[in-house]
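Asks: missing the sequence, but the structure's below:
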């Protein structure tokens with residue numbers, strides 16, 4: 001058991017005071033000391049210093065299960081571990097955004113005082129007052145659990161308040177049905193978008209949009225494609241999807257050498273129209289140049305450039321759908337479903353191990369085809 005000796009208070013050269021406590025523990029020989037600088041020699045300052053110094057001593061000896069820390073300070077410590085653990089840049093950005101929102105509520109509160117009820121109320125507010133989706137609120141819960149697990153691991157709390165946290169998820173069946181029916185483009189809508197690009201005299205927009213439509217890539221994957229990522233085996237052209245495009249402050253656009261998930265690292269066969277796009281856009285470029293670039297800026301395409309363009313196009317063309325660049329990926333899934341591709345083949349092509357949206361679109365298309373055949377069956381009869 002640690003033994004504390006009488007504290008000592010000495011005045012420093014800058015007019016402040018150093019509060020020191022000497023201590024002995026059976027785990028080592030001799031006497032050691034820890035100190036804390038305080039502003040004045042008042043009883044309040046000394047009592048407060050005594051508490052903090054003794055906590056530091058217990059923590060250094062591994063005797064303390066709980067060190068005082070605010071959630072804001074804890075979240076900074078946790079965030080600092082993410083890069084060391086290999087979390088992707090975009091993942092860290094997402095975590096940072098979530099932590100900023102959490103700190104608006106819990107930032108100044110001592111971590112040891114945050115309760116399960118407070119967290120339940122916070123998540124419930126996100127779900128029903130802020131109207132965030134079930135998926136987004138689930139991601140907040142997962143992050144909070146990671147932070148509190150980290151806090152318990154390093155002695156900031158005794159128990160994890162997330163153990164009994166429960167999210168009262170919303171019924172999103174209507175939203176899911178709407179999404180399955182509207183998160184892809186019809187041939188007519190796709191034609192309007194391509195025609196609008198031509199009328200704007202922006203073949204660069206047109207070609208990149210067609211590339212996403214023909215390959216089912218995420219926009220970051222499509223933007224990161226370099227000239228030498230296209231290879232030919234016999235008579236078939238393949239695209240090696242081996243990274244994603246990110247924008248780092250101070251560095252600009254950078255190809256991250258891995259995709260969103262492990263299953264997203266893949267080679268896909270290209271239809272002839274995509275091959276034509278490749279052959280046309282690689283002209284005058286080196287092997288490591290990005291295949292698709294903005295003709296005005298020279299930068300590869302990203303959500304920041306494509307999504308505003310799509311919003312303007314939809315307004316001009318009266319397309320009433322929540323369109324972002326991701327819709328071309330969903331449209332690719334719908335077209336393959338119409339062509340009769342099996343779900344597992346589609347999932348592998350778009351780099352999904354198990355994706356809810358892919359299944360929803362696939363089932364919607366196949367159910368629609370089944371309905372058509374059900375109507376056609378009325379014409380089947382045996383001639384009498």
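Replies: Arrived safely, thanks for sending. Model, not experiment: these values are computed from the prediction. Residues are numbered from 1 along each chain as shown.
Asks: list the buried ones in the one helix or strand residue 193 maps to?
Replies: Following DSSP states H and E, the helix or strand that holds residue 193 is helix 187-199. For helix 187-199, burial by neighbour count (16 or more other Cβ atoms under 10 Å) applies to 189, 190, 192, 193, 194, 196, 197. For the C-beta atoms, the positions are set from N, CA and C on the backbone; glycine is no exception.
Asks: Then stretch 311-327?
Replies: Judged by neighbour count using 16+ other Cβ under 10 Å, the buried positions of stretch 311-327 are 313, 314, 319, 323, 325, 326, 327.
Asks: I'd assumed residue 145 was in contact with residue 162.
Replies: Yes - shown here, residue 162 and residue 145 form a contact pair, counting by Cβ atoms under 8 Å, at 4.3 Å.
Asks: and residue 145, how many neighbours?
Replies: 16 (other Cβ atoms under 10 Å).
Asks: Can you classify it by secondary structure?
Replies: The local conformation at residue 145, judged by DSSP: H, G, I helix; E, B strand; the rest coil, is helix.
Asks: Likewise for residue 285?
Replies: Local secondary structure at residue 285 is given as coil here, using three-state DSSP.
Asks: which residues touch it?
Replies: The neighbourhood of residue 285, defined by Cβ atoms under 8 Å, 6 or more residues apart in numbering, consists of 227, 291.
Asks: in the stretch 101-250 of the chain, which ranges drop under the pLDDT threshold?
Replies: Applying pLDDT under 70 to the stretch 101-250 of the chain flags the ranges 175-181.
Asks: quick one, helices of the stretch 51-200 of the chain?
Replies: All helices of the stretch 51-200 of the chain, identified by DSSP state H, counting those that start in this stretch, fall at 71-82, 89-106, 116-128, 134-153, 173-182, 187-199.
Asks: where's residue 292 relative to residue 119, distance?
Replies: Remark: distance between residue 292 and residue 119 (Cβ to Cβ, to the nearest Å) = 44 Å.
Asks: I misspoke; the intended subject was residue 91.
Replies: Distance, residue 91 to residue 119, by Cβ to Cβ: 22 Å.
Asks: between the two, which one's more packed in?
Replies: residue 119 (23 against 12).
Asks: right, and the more buried one touches residue 162 too?
Replies: Yes - taking contacts as Cβ under 8 Å, residue 119 lies within contact range of residue 162: 6.8 Å.
Asks: what do the two both touch?
Replies: By Cβ under 8 Å, 6+ apart, the residues touching both residue 119 and residue 162 are residue 144.
Asks: Tell me where this protein has strands.
Replies: With strands called from DSSP state E, the chain shows them at 3-4, 8-11, 17-24, 32-38, 230-233, 236-241, 244-248, 252-256, 266-269.
Asks: out of the ones you listed, which comes closest to residue 75?
Replies: When the strands of the chain are compared by Cβ to Cβ, strand 244-248 sits nearest residue 75, at 21.6 Å.
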